[in-house]
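> quick one, structure for this:
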Amino acid sequence: MRFLILLVATCLCAQIPARDSRNINIPHTDTHFTMPVYKTSAEWEARATHLRTQILFAAGLTPMPQRGPLMPQIFGRIERKGYSIEKVLLQTLPGYYLGGNLYRPLGKAGKLPAVLAPHGHWAYGRLENTAINSVPARAISLAIQGYVVFSYDMTGYNDTVQTPHEFDGPREQLWNFSPLGLQLWNSIRVIDFMESLPDVDPQRIVMTGESGGGTQTFLTTAVDSRIKVSAPVNMISASMQGGAICENAPGLRLGTSNLEIAAMMAPRPMLMVSATGDWTRNTPREEFPAVRSIYELYDRAADLETIHIDAPHNYNQPSREAMYTFFASRVLGAPKGRAVSEQRIAVEKPQDLLALHGRPLPENALTYDRLFEQWIAAATRQSAAITDRQVIRQRLSLALASEWPSKILSERSGERIVLSREGRGDRIPGIWIEAGKKVTLLVHPDGAQVARQTPAKSESLLMIDAFQTGAAIAPRDRSVKHFLTFNQSDDACRVQDILTALRFLQQSGYTDIRLRGEGRAAVWTLFAAAVAEIPVTLDADLAEFAGTDADFLRSFFVPGIQRAGGLRAAQVAAGR
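Reported below is the predicted structural model:
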């Protein structure tokens, strides 16, 4: 029996890596991802629920902003053979306006299906009209076929000019204020707008976009089930996750990739359009089977289709015609496989499509700075209204991307100890002195060796080198593309290490646990106590840390932490 125990202990120790994986395996936009294996639809749905929450939090949409009146301005009607075009401004947030064009069929009675048509990173945005991609041709063709189509801007394009297209400051990251979040919110509000139109059937709302518009398409379908059919074009890739800031909010792809996000469309019908000349070149043999594995869990593999176009990055006529054909069978009830061709189309002059051509923004339109401050004020009110400690704890956990580990591995040599979460590959060195039933976990910003010099009253004492402190300091490449989209910040990792150590003490049988943080580590221990799943006695002097943006930027940088309630939320959750 003793030999068996020793063997098991040896096996557990062998799973602790020699180097912390958080310093070695650093995913980024060009990492090659694979789809995890899910055995049942229930297992996948649990995962999808988690991912939906993660996406919404990364976008700054947890809780959702208040859905105020859209105050749609629809004007400048043009009528052509079989369709009309109108200019549109929507107030998606107070004082923030989204521009676009509404394309409608002429001579069609009753409730019609609707199409959301976001665009990619083309020079002319929703007005792009070239052989490789024509957004107006797509919208006109769909209108002629019987759809109500809304073609709308990315942030910073065409009529949506109150922010630049790309903005990504550290302060904005604290509040989850990003172009990705605004664009996802705009798409959600566009669905609201389409549902409000008297000629739209709310049960037949579909979506298609290319490149960055493809990202918008599968993000929207992941969080909003009102999209019934979709066709993301040239964007679902295992090896490129989207290069622009508007596709890469901090925390968006922690532990996941676009493969899983796109698969959240299941079991609703989806067409994956790919090309030989971009990062979707392997779709027929890689990404399509990966996403299909989720559809197969529902016995709905036939509801996922793919087409591979011999072309560079595009939404060209062959790609569009594949989408028309798919939508016709899935939305209009046409026989499956009956090809729908694109007619010759005359595109309007840009000035006849731009909502702000010769027209100012509405009087209440906000500047970028005022819009950001309004976002902060609204988020602060939402956080203050949340009083349930469990909900507060969950929101902080989302910002920190923390977990209460199921099992801790440990390796000891005298007073030296190394901890690791099973299956995670992290490595937390420490000093462990057992001397009684009471225990203190002491965390010092300079690591365990320095912490040992601090007097402690408890009988047992655990001191750790929290991430990138003491003996745990090691190189970490933060220069990769969109590092924070795929990786936790150092301070978030430090909170996780404290949680891992607390779980080790619980796993070791301790019930009376004191958590003490020295210096800068006091803030780490406060947030750890706030999200820990066991009660701890917290000893943490925050000194001059008052929870301002400047404090977080200087001493505890975690994207989304202010959106989750910041210092007040941590104090409430920790019972202080």
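> for residue 141, grab the count of nearby residues.
Residue 141: 24 surrounding residues under other C-beta atoms under 10 Å. (C-beta placed from N, C-alpha, C; glycine too.)
> swap that for residue 53, please
15.
> tell me the contacts of it?
Going by C-beta atoms under 8 Å, 6 or more residues apart in numbering, residue 53 touches 62, 398.
> and it, helix, strand or coil?
helix (DSSP: H, G, I helix; E, B strand; the rest coil).
> for residue 502, same thing?
helix.
> not counting sequence-adjacent ones, nearest residue to it?
Once flanking residues are discounted, residue 502 sits nearest to residue 532: 5.5 Å by C-beta to C-beta, 6 or more residues apart in numbering.
> residue 62 too?
Nearest one to residue 62, counting by C-beta to C-beta, 6+ apart, is residue 56 at 4.7 Å.
> hang on, that neighbour is in a helix, isn't it?
Yes - checked against three-state DSSP, residue 56 lies within a helix.
> quick one: pLDDT of it?
Looking at residue 56, its pLDDT reads 98.
> you'd agree it is up against residue 223?
Yes - in this structure residue 56 lies within contact range of residue 223 using C-beta atoms under 8 Å: 5.8 Å.
> so residue 337 versus residue 552, what's the distance?
56 Å (C-beta to C-beta, to the nearest Å).
> comparing those two, which shows the higher neighbour count?
When residue 337 and residue 552 are compared for neighbours, residue 552 comes out ahead with 23 against 9, by other C-beta under 10 Å.
> picking up where we left off before, for the residue nearest to residue 502, what are its contacts?
So residue 532 contacts 404, 499, 502 (C-beta under 8 Å, 6+ apart).
> with residue 64 instead?
By C-beta under 8 Å, 6+ apart, the neighbours of residue 64 are 56, 188.
> against residue 265, how distant is it?
20 Å.
> please apply the same query to residue 112.
In terms of C-beta to C-beta, residue 112 sits 22 Å off from residue 265.
> how far away is residue 356 from residue 89?
Here residue 356 is placed at a distance of 8 Å from residue 89 (C-beta to C-beta).
> shared neighbours of these two, anything?
99, 159.
> so between those two, which is more surrounded?
When residue 356 and residue 89 are compared for neighbours, residue 89 comes out ahead with 23 against 15, by other C-beta under 10 Å.
> give the bridge partners for that one, please.
In this entry, residue 89 is beta-bridged to residue 73, residue 99, by DSSP bridges.
> does it touch residue 97 like I think?
Yes - the pair residue 89 / residue 97 is scored as a contact, 5.0 Å apart, by C-beta under 8 Å.
> what residues do these two have in common as contacts?
Contacts common to residue 89 and residue 97, judged by C-beta under 8 Å, 6+ apart, are 159, 362.
> need the residues that contact the helix or strand containing residue 432.
Here residue 432 sits within strand 428-433, counting by DSSP states H and E. Strand 428-433 is contacted from outside by 20, 412, 415-420, 448-449, 451-452, 460-467, 470-472, 497, 500-501, using C-beta under 8 Å, 6+ apart.
> next: stretch 434-443.
Contacts for stretch 434-443 (C-beta under 8 Å, 6+ apart): 451, 454, 456-464, 466, 498, 501-502, 505, 510, 512-518, 521, 524-525, 536.
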